[in-house]
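Student: Quick one, structure for this:
(one chain, ligands or ions: 1)
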Amino acid sequence: MTAELRFKRVLLKVSGEALMGDQGFGIDVAVADRIAGDIAAVRRLGVDISVVIGGGNIFRGVAVASKGGDRVTGDHMGMLATVINALALRTSLMKLGVDTVVLSAIAMPEICESFSQRVALAHAEAGRVVIFAGGTGNPFFTTDSAAALRAAEMGADALFKGTQVDGIYSEDPKINPNAERYDQLTHDDVLRQGLAIMDVAAIALARENRIPIVVFSIHHQGEFARILTGGGRATIVSD
Ligand code: UDP
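Tutor: Numbers count the residues shown, from 1 in each chain. Presented below is the predicted three-dimensional model:
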């Protein structure tokens, strides 16, 4: 079965917004359960999977900075938000019987294990889904950059970016319905055309480490597994 897989070890980036459903804030448990179901399906295919989760459904550092507050404190708050989301997603995965561990870039041993590449690889080797919380652990970064970083550290052969739509478009298709959709791009195309799919640092890091980025709709149930088995709709960014 694994012979037919497009990728064998993947890192999935889920934005915080994906977890909030129609609520406008926080976590919709039904949505977290559905995303967990998609992750479980991919795990059942025999794919090694780790996840970087965002925090934008709860807090973004720029919200503090834009109101005259300290950006670093704001970013600390944003990173803590990702830990809340990671715990929610782990809970959803554990309900499905998927052995899952949360590793945080910021030490909080009473709540979850701390990240190190060695520990993360050992958990992956033991067949666990690894959820990375706390972003990169540094202010002024995003969880997109954390996703590219962890994908490189885990030796992932693809970075899956779950978004609101089924790939990369020339413009936001929700604003311009005539926007062009791409099946295939290079990292350079994305950077040159300023396609706002992930931040520049994340794309550059993926390019440097020759990691393909697969952009797909996180809201389309079962799509993650379909893409891994050769179907589905996605834009693939590779060199
Ligand atoms: N953040 C940070 N460093 C990181 C990752 C995240 O400071 O390495 C903070 C930052 O304030 C960011 C917030 O955490 O706004 C939530 O992350 P992000 O905006 O990437 O979440 P997403 O948009 O994916 O939900």
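
Student: you'd agree Asp188 is up against Ala204?
Tutor: No - judged on CB atoms under 8 Å, Asp188 makes no contact with Ala204 at a distance of 10.1 Å. From N, CA and C alone the C-beta is placed, and that goes for glycine too.

Student: For those two, work out which one has more neighbours and name it.
Tutor: Counted by other CB atoms under 10 Å, Asp188 and Ala204 do not tie: Ala204 has more neighbours, with 16 against 12.

Student: Could you tell me which residues of this protein lie near the ligand?
Tutor: 15-17, 54-56, 60-61, 74-75, 78-79, 81-82, 135-136, 138-139, 141-144, 146 (CB under 6 Å from any ligand atom).

Student: And the helix of greatest length in the chain, what's buried?
Tutor: What stands out as the longest helix in the chain, according to DSSP state H, is helix 71-95. Within helix 71-95, the residues scored as buried using 16 or more other CB atoms under 10 Å are 74-90, 92-93.

Student: Now do the helices in this structure.
Tutor: With helices called from DSSP H, the chain shows them at 16-19, 29-44, 61-65, 71-95, 117-125, 143-154, 187-192, 200-208, 223-228.

Student: packing partners for the shortest one?
Tutor: If you count contacts as 3 or more CB pairs under 8 Å, 6 or more residues apart in numbering; DSSP states H and E, helix 16-19 packs onto helix 29-44, helix 71-95.

Student: Could you give the separation of that helix from the chain centroid?
Tutor: On the basis of CA atoms, centre = their mean, to the nearest Å, helix 16-19 sits 10 Å off its chain's mean C-alpha point.

Student: now swap in the fourth one and tell me
Tutor: Going by CA atoms, centre = their mean, the spacing between the C-alpha centre of helix 71-95 and its chain's C-alpha centre is 13 Å.

Student: Over to stretch 219-226?
Tutor: Relative to where its chain is centred, stretch 219-226 has its mean C-alpha point 14 Å off (CA atoms, centre = their mean).

Student: helices or strands up against the worst-scoring helix or strand of the chain on mean pLDDT?
Tutor: None of the helices or strands of the chain scores lower by mean pLDDT, DSSP states H and E than helix 61-65, at a mean of 87. Using 3+ CB pairs under 8 Å, 6+ apart, the elements in contact with helix 61-65 are helix 71-95.

Student: how many degrees apart are the helix it packs on and helix 143-154 in direction?
Tutor: Interaxial angle of helix 71-95 relative to helix 143-154 (axes from the mean of the first three to the mean of the last three CA atoms, to 10 degrees): 60 degrees.
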